[in-house]
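K.L.:
Sequence and predicted structure are below.
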Amino acid sequence: MSAPFLWILLPLLLAAALWFVKNQRIAAWIAIAVLILLTLTAWLLPVDTVMSVGGFSVKITPAWEILGRRLVIDNTVTPLLALIFGTAILWFASTLVLTPPRRVIPFGLVLTALLVASLTVQPFLYAALFIEIGVLLAIPLLTQPGKQPGRGVIRFLIFQTLAMPFILFSGWLLTGIDANPGNLGTVAQAATLLALGFAFLLAVFPFYTWIPLLAEETHPFTAGLLFWLFPTATLFFGLGFLDHYAWLRESPLLGTALTAAGALMIVSGGLLAGFQRHLGKVMGYAVIVEIGFSLLAVGLRSRSGIELFLMLLVPRALGLLLWTFSLSILQAQAGELSLDNLKAAGRQWPYAAAGVLLGSFGIAGLPLLAGFPSHLAVWETLAAASPTAFPWVFTGSAGLILANIRLLSTLFVPDGPIVWMARETKAQRVLSVLGWALLVLLGILPAWMTPFWSRLPALFEHLGQ
Amino acid sequence: MSAFVSWIAFGLALACGVSLFLSRNWRWILGCLAGQYLALFLLVQITLPLSSAAAKLVTGWMASTILAIAQMNTGQVEKSETNWPQGQWFRVLTSGIVLLVTLALAQRSLDLLGISLPAAWTGFFLIGIGLLQLGVTGQPFRVVLGLLTTLSGFEIVYAGVENSALVTAFLVVINLGLAMAGSYFLAPLEEGA
């Protein structure tokens, strides 16, 4: 059996089968069971090694050829697959107690499989094509037939689609530079195209306007899932470029450009979050801040920078999941997610409101929550490496925390007398408390996250060294 | 012979690209889109295997058909834009500017790309007019047309540097996916949905 069959084709086939299952809960349970299996196999089973199981010999071969190109999953990629499938389990488990959008399970499985394919295709440049197909497949999740799509969806489609030609073209130019690194004109052209491609794909300033719009227009669960999957795939894709091309990796301008872009995203995202009157939009700006932090970590251009980038992943996934889970509860029960509509909503939906706050504070890097150790490490390293950027980054982070304090005040301080009650279902309360506990535990005991990211640097041949 | 065909394709793409941008009749617009794909076929069959070039043509026409069917089912009348000048002269002027810019740009990139002059002109013109379309509209149907036009231009230029079957297959899927997305935006709400 080949590894791409197991970790790419199997989820795709499962998604096709689940398309015909009308009961979303049954679909979710089946998907969770298969994903647990895929996570465990990715974490435990070695690729390209013969294993004896009850008298049978099993070997997972690493490569699979399609139309002259290959999908390759070796032992360096499997820890990342475990992380991706593991987080997918949590996302799908939360649908069991929510009213998620139609067909979110099959679409989620397809998007996860495409994300894995984008990480494993060789030449890695073709990841842009997988990501674009993922974008197109996400459209039915983001819109409803017959309803005019919002500006966020349209911009999402435009920016992500425009990224692909830029990246494919820059990839072709980069191949030429590998053969003739002295041609400075081609280097400049390739770098410009690559920067534009990733600015579109990763929603770097000023191309991030679709994120808050999408967060406002669509179901919070869908938005959160996409905000987790697409930036993660794109960031790993971008790191693939850095790992592959020595001239790019060693360019003195790269660190400055990434730090500047990251700082700009953090400061603009953090400050703009404070002015929003919609909870979804606040989440959108928090996602922008998080992408900025990832760029900053990569911009440090050292092994520690890559480790910081990887450390940010688990808290981000958990924070975003808790945030979107709680927003989905509020939207289903309270209606619109505007601050005006949710005044003192925490007194009627305290579990969901606390989930929104803990998720958002966790992403912002508040002490004692899961995001704090990784954010603190980025702040410390940045303060030493780039004292100019640090105040801006600190301002952005403070802006996001202040925005969350504003949410706290809106959600819990009543205008008049309101009786405390908990209108969430029991299952929703249980999952909320589990989410809070996980965020707090990982904040107090960050070493628990080490197994998740310590094996990941091996994914990069040069950056991880 | 191939040079003559290339110049014919350039003329066709120019006429279709400008007409697509100027017209407000969806039948005419989708006819122009199909014409653009014919121009694409005529240009890429020089560098790609005929089967790959034919796949692009069939895909383009399928995309046009999907959008046409979606339009027929909706019967929507195109709404006018609110943010940008709407006059035909404005559109003609901006198309002319795009043409001039892309002609200059294509001339400079000939050595780098290793494609013929008409192919470079057509490719860059379609990219430019597609981007212009994206810049002046917020209507989903027009946006999808703009993206398809931009991708057509990109495919012409990229065919000169990459002839992988996998890339061709992916671009086919992406073109069809964009058309499906466009039809999804236009689809009327089903009973009970």
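P.N.:
Looks like it arrived, so ask away. Everything quoted here is computed from the prediction, not taken from an experiment. Numbers count the residues shown, from 1 in each chain, chains lettered A, B, ... in the order given.

K.L.:
For chain B, which element, helix or strand, carries the lowest mean pLDDT?
P.N.:
Least confident helix or strand of chain B, by mean pLDDT, DSSP states H and E, is helix B:88-113 with a mean of 85.

K.L.:
That helix: what's the following helix or strand?
P.N.:
Counting by DSSP states H and E, the next helix or strand C-terminal to helix B:88-113 is helix B:117-136.

K.L.:
how far does that next one sit from the chain's center?
P.N.:
Here the centre of helix B:117-136 is set off from its chain's centre by 8 Å, with C-alpha atoms, centre = their mean, to the nearest Å.

K.L.:
Spell out which residues of chain A are next to chain B.
P.N.:
A:66-69, A:126, A:129, A:132-133, A:136-137, A:139-140, A:143-149, A:151, A:154, A:157-158, A:161-162, A:164-165, A:168-169, A:172, A:186, A:189 (C-beta under 8 Å from any C-beta of the partner chain). From N, CA and C alone the C-beta is placed, and that goes for glycine too.

K.L.:
Can you select the buried ones from the residues you listed in ChimeraX?
P.N.:
Typed into ChimeraX, the line below selects the buried ones among those, using 16 or more other C-beta atoms under 10 Å in any protein chain shown:
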select /A:69,126,129,132,133,136,137,139,140,143,144,149,154,157,158,161,162,164,165,168,169,172,186,189
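
K.L.:
The residues of chain A next to chain B in strands, which ones?
P.N.:
The strands, defined by DSSP state E, take in A:66, A:69 from these.

K.L.:
got any ranges where the chain has weak pLDDT?
P.N.:
I'll assume chain A. Applying pLDDT under 70 to chain A flags the ranges A:146, A:181, A:464-465.

K.L.:
oops, chain B please
P.N.:
Residues of chain B meeting the criterion pLDDT under 70: B:1, B:75-86, B:188-193.

K.L.:
who's in contact with the closest residue to residue A:301 other than its chain neighbours?
P.N.:
Leaving aside its sequence neighbours, residue A:301 sits nearest to residue A:255 (C-beta to C-beta, 6 or more residues apart in numbering or on different chains; 4.8 Å). Taking C-beta atoms under 8 Å, 6 or more residues apart in numbering or on different chains as the criterion, residue A:255 is in contact with A:299-301.

K.L.:
where's the most centrally placed residue in chain B, which helix or strand?
P.N.:
What sits nearest the mean C-alpha location of chain B, by C-alpha atoms, centre = their mean, is residue B:149, with 2.1 Å. Assigned by DSSP H and E, residue B:149 falls within helix B:140-159.

K.L.:
tell me the angle of that helix relative to helix B:117-136?
P.N.:
150 degrees (axes from the mean of the first three to the mean of the last three C-alpha atoms, to 10 degrees).

K.L.:
Counting by contacts, list what helix B:140-159 packs against.
P.N.:
helix A:151-179, helix B:2-22, helix B:26-44, helix B:50-74, helix B:117-136, helix B:165-186 (3 or more C-beta pairs under 8 Å, 6 or more residues apart in numbering or on different chains; DSSP states H and E).

K.L.:
and the ones you listed as CSV, adding distance to residue A:380?
P.N.:
Shown next, in CSV, are these (distance: least, C-beta to C-beta, whole Å):
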stretch, distance to residue A:380
helix A:151-179, 33
helix B:2-22, 53
helix B:26-44, 53
helix B:50-74, 52
helix B:117-136, 43
helix B:165-186, 43
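
K.L.:
out of the ones you listed, which comes closest to residue A:294?
P.N.:
Proximity to residue A:294 (C-beta to C-beta) singles out helix A:151-179 among those, at 16.7 Å.

K.L.:
what's the closest non-adjacent residue to residue A:462?
P.N.:
residue A:243 (5.2 Å).

K.L.:
Okay, and that neighbour sits in which element?
P.N.:
helix A:220-244.

K.L.:
what does residue A:64 give?
P.N.:
strand A:63-66.

K.L.:
what does that strand rub up against?
P.N.:
Strand A:63-66 has contacts (C-beta under 8 Å, 6+ apart) with A:2-5, A:70-73, B:166.

K.L.:
Now, those residues that are in strands?
P.N.:
Short answer: the contacts of strand A:63-66 in strands (DSSP E) are A:70-72.

K.L.:
Might you enumerate the residues of chain B proximal to chain A?
P.N.:
Residues of chain B lying near chain A (C-beta under 8 Å from any C-beta): B:112, B:127, B:134, B:138, B:140, B:143, B:146-147, B:150-151, B:154, B:157-158, B:161-162, B:164-167, B:169-171, B:173-174, B:177-178, B:180-181, B:184-185, B:187-190, B:193.

K.L.:
and if we set it to 7 Å?
P.N.:
Within chain B, the positions near chain A by C-beta under 7 Å from any C-beta of the partner chain are B:134, B:138, B:140, B:143, B:147, B:154, B:158, B:161-162, B:164-166, B:169-170, B:173-174, B:177-178, B:181, B:184-185, B:187-190, B:193.

K.L.:
Please pick the buried ones from these.
P.N.:
B:134, B:140, B:143, B:147, B:154, B:158, B:161-162, B:165-166, B:169-170, B:174, B:177-178, B:181, B:184-185, B:187.

K.L.:
before we move on, back to that, could you list every helix and strand that the least confident helix or strand of chain B packs against?
P.N.:
Here helix B:88-113 touches helix B:2-22, helix B:117-136, going by 3 or more C-beta pairs under 7 Å, 6 or more residues apart in numbering or on different chains; DSSP states H and E.

K.L.:
any idea which of these is most buried?
P.N.:
helix B:117-136 (a mean of 24; mean count of other C-beta atoms under 10 Å in any protein chain shown).

K.L.:
who are the neighbours of that helix, in terms of helices and strands?
P.N.:
helix B:2-22, helix B:26-44, helix B:88-113, helix B:140-159.

K.L.:
which other residues reach that helix?
P.N.:
A:158, B:6-7, B:9-10, B:13-14, B:17, B:21, B:36, B:39, B:43, B:81, B:84, B:94-95, B:98-99, B:101-103, B:105-106, B:109-110, B:113, B:142-143, B:145-147, B:149-150, B:152-154, B:156-157, B:160 (C-beta atoms under 7 Å, 6 or more residues apart in numbering or on different chains).
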